[in-house]
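**Student:** return atomic coordinates for the entry below.
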Amino acid sequence: MTRRVALIVVLTAFVFAGTHALAQVPAAPAAPTAEALLDNHVKAVGGKETFAKLNTRAIKARLEVPAAGVSMAISIWAARPNKTRTLVESDIVGRVERGFDGTTGWEVSTTGGPRLLAGAQLDDMARDATFEGLAVWRDWVDKTETQGAADVDGKPAWKALVTPKRGSAQTYYFDQATSLVVKMTMTVRSAMGDVPAESYFSDYRDAGGIRIAHRVRQVAAGQELVTTIDSITHNVELPAGRFDPPAEVQALLAKK
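**Tutor:** Residues are numbered from 1 along each chain as shown. The predicted structure is shown next:
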């Protein structure tokens, strides 16, 4: 179970005329460019200018594994430009903590101890650490590609492949009516190997002037996981050293 929790931390630590000449049936609208899909999403969640006013973020959430009847507490801290720290705690699996200070990526778990992240895992952590996420997609995305229409939970969406400058590619699904990201697929690089994962986003609510999905359903490694956000606070003062690697990770760094 602990290895599965480590995978969840990876997943957790926040994106997306005419008529038929003979039958007169409305045809599907032409797919927007991937750039337009991304820009429309940014506007829909609050706009780049609103993101620019935010400097730190603290999240409290619950992670549930329905099939196992397991519930875990999640704490996430983030700060611009690209610092993150995530803690998952449970009486059953203990603690799994991961962090990125802008350069070093690390993980400490109750059963596995400390380790430094490297290679593809470090690249993906760096990709996900961008504080403003898709609001500044032009800063960290290498190329984008529209992949046409799709159906997500019975609603029409547009599909776009996003390839970052660093890290593996992600496919975003944007609701055609709202421009919000409703689904994302990617390959998670973990201690378990490469794991295909799907994330479904819903219950968007305002948090500091931006709209954030407060419910994320994830399917990975044959498990369904549901994350529910209880609170999000922006521009909160974080303790000094919040993003510094813990002592056991510092010891590993000293040996390099």
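
**Student:** every contact and neighbour count from this point should use C-alpha atoms.
**Tutor:** Will do.

**Student:** what does the helix or strand hosting Asp230 rub up against?
**Tutor:** Under the criterion of DSSP states H and E, Asp230 resides in strand 223-234. Strand 223-234 is contacted from outside by 54-67, 207-208, 214-219, using C-alpha atoms under 8 Å, 6 or more residues apart in numbering.

**Student:** Leu122 reaches Gly105, doesn't it?
**Tutor:** Yes. Using C-alpha atoms under 8 Å, Leu122 makes contact with Gly105 at a distance of 5.9 Å.

**Student:** among these two, which residue is more densely surrounded?
**Tutor:** The residue with more neighbours, out of Leu122 and Gly105, is Gly105; 24 against 20, by other C-alpha atoms under 10 Å.

**Student:** run through the residues that contact the closest residue to the more buried one other than its chain neighbours.
**Tutor:** Nearest non-adjacent residue to Gly105, counting by C-alpha to C-alpha, 6 or more residues apart in numbering: Leu117, 5.1 Å away. Taking C-alpha under 8 Å, 6+ apart as the criterion, Leu117 is in contact with 104-107.

**Student:** buried subset of the residues you listed as a ChimeraX selection?
**Tutor:** Only the buried entries of the contacts of Leu117 go into this ChimeraX selection, using 16 or more other C-alpha atoms under 10 Å:
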select :104,105,106,107
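
**Student:** narrow the contacts of Leu117 to those in strands?
**Tutor:** The strands, defined by DSSP state E, take in 105-107 from these.

**Student:** quickly find the element holding Met184.
**Tutor:** Counting by DSSP H and E, Met184 is found in strand 181-190.

**Student:** for this protein, give me the ranges with low pLDDT.
**Tutor:** The model of the chain has pLDDT under 70 over residues 1-28, 191-192.

**Student:** which residues of it fall in helices?
**Tutor:** Using DSSP state H, the helices assigned to the chain run over residues 2-12, 34-44, 48-51, 119-128, 137-140, 247-255.

**Student:** and the fourth one with strand 181-190, angle?
**Tutor:** Going by axes from the mean of the first three to the mean of the last three C-alpha atoms, to 10 degrees, helix 119-128 is angled at 150 degrees with respect to strand 181-190.

**Student:** what packs against helix 119-128?
**Tutor:** strand 105-109, strand 181-190 (3 or more C-alpha pairs under 8 Å, 6 or more residues apart in numbering; DSSP states H and E).

**Student:** how near is Ala126 to Ala34?
**Tutor:** Computed with C-alpha to C-alpha, to the nearest Å, the distance linking Ala126 and Ala34 is 22 Å.

**Student:** now do stretch 158-171: distance from first to last residue.
**Tutor:** End to end - C-alpha to C-alpha - stretch 158-171 spans 10 Å.

**Student:** and stretch 158-176, by the same measure?
**Tutor:** OK, stretch 158-176 end separation, C-alpha to C-alpha: 6 Å.

**Student:** go through it and flag the buried ones.
**Tutor:** Applying 16+ other C-alpha under 10 Å to stretch 158-176 flags 158-164, 166-176 as buried.

**Student:** quickly run through the sheet partners of the strand holding Met184, with directions.
**Tutor:** Each strand paired with strand 181-190, and its direction, by DSSP bridges: strand 170-175 (antiparallel), strand 193-207 (antiparallel).

**Student:** any idea of the angle it forms with helix 34-44?
**Tutor:** Using the same axes, to 10 degrees, strand 181-190 lies at 110 degrees relative to helix 34-44.

**Student:** got the CA positions of strand 181-190 in CSV?
**Tutor:** The C-alpha coordinates for strand 181-190 follow below in CSV (Å, rounded to 0.1, in the frame of the first residue of the first chain):
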residue,chain,number,x,y,z
VAL,A,181,-10.0,20.9,-17.8
VAL,A,182,-12.2,17.9,-17.0
LYS,A,183,-9.7,15.1,-17.6
MET,A,184,-6.0,14.6,-18.0
THR,A,185,-4.0,11.5,-19.0
MET,A,186,-0.3,10.9,-18.5
THR,A,187,2.3,8.3,-17.7
VAL,A,188,3.4,8.5,-14.1
ARG,A,189,7.1,7.7,-13.6
SER,A,190,7.3,6.0,-10.2
